[in-house]
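1. what's the 3D shape of this:
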Amino acid sequence: EYRPIADWLNGNEPAAFVQLQSEVSGIEDVPEVVPERVTDAGLAALADAQELLRTRGPTSAVDRVHTGLQDFLKAACDEEGIAYPSDPSPTQLLKALLENHPALSDLGPRTEDLKRIIRTSGSIVDSLGTLRNRASLAHANQELLDQDEALLVINIARSLLRFFDSKFS
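-> Residues are numbered from 1 along each chain as shown. The predicted model follows:
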């Protein structure tokens, strides 16, 4: 509640500031996800994201989480022999999985509603890529995501990873 301390933490120790905010508000981030279907590069990207989130804050981790998600989607397609374009975007991979992965053909009594959510998440994944390229440390961007927005991006990517990893297991 003491603004000078909060401002100092936010500017000098962003990861500690986010952790303190989460503890005070009782809101926790989506836990780290270590999916089964991912290459060594994808695992390294997700491990880097976790370390950056812990040490530098969420803005620094956006790029690595996006890379981990893309790698996971590609590995899931490869495991099932699902075709995709050369140099696919995460959105193209997500669409290929939704249309062809047997684990996504029957999602229970509300399959069509859930498929609509997954299709809509394609737009989210596309926006994650734009934010990664234009508002993260993936490139020399002058304007970066604020911590709250970066956490939103990370939590959505982790939620998608968690859902798909559980469905494909």
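
2. Kindly list the longest helix within this protein.
-> The longest helix of the chain (DSSP state H) is helix 111-135.

3. If you count contacts, what does the helix or strand that that one is followed by end up packed against?
-> Toward the C-terminus, helix 111-135 is succeeded by helix 147-168 as the next helix or strand (DSSP states H and E). In terms of contacts (3 or more CB pairs under 8 Å, 6 or more residues apart in numbering; DSSP states H and E), helix 147-168 is packed against helix 14-25, helix 58-80, helix 111-135. Just so you know, the C-beta spots here come from the backbone N, C-alpha and C atoms, and that holds for glycine as well.

4. Please tell me I have it right and Met38 contacts Ala75.
-> Slight slip there: residue 38 is Val, not Met. Yes: judged on CB atoms under 8 Å, Val38 makes contact with Ala75 at a distance of 5.3 Å.

5. who has more neighbours, those two?
-> More crowded of Val38 and Ala75, by other CB atoms under 10 Å: Val38, with 23 against 19.
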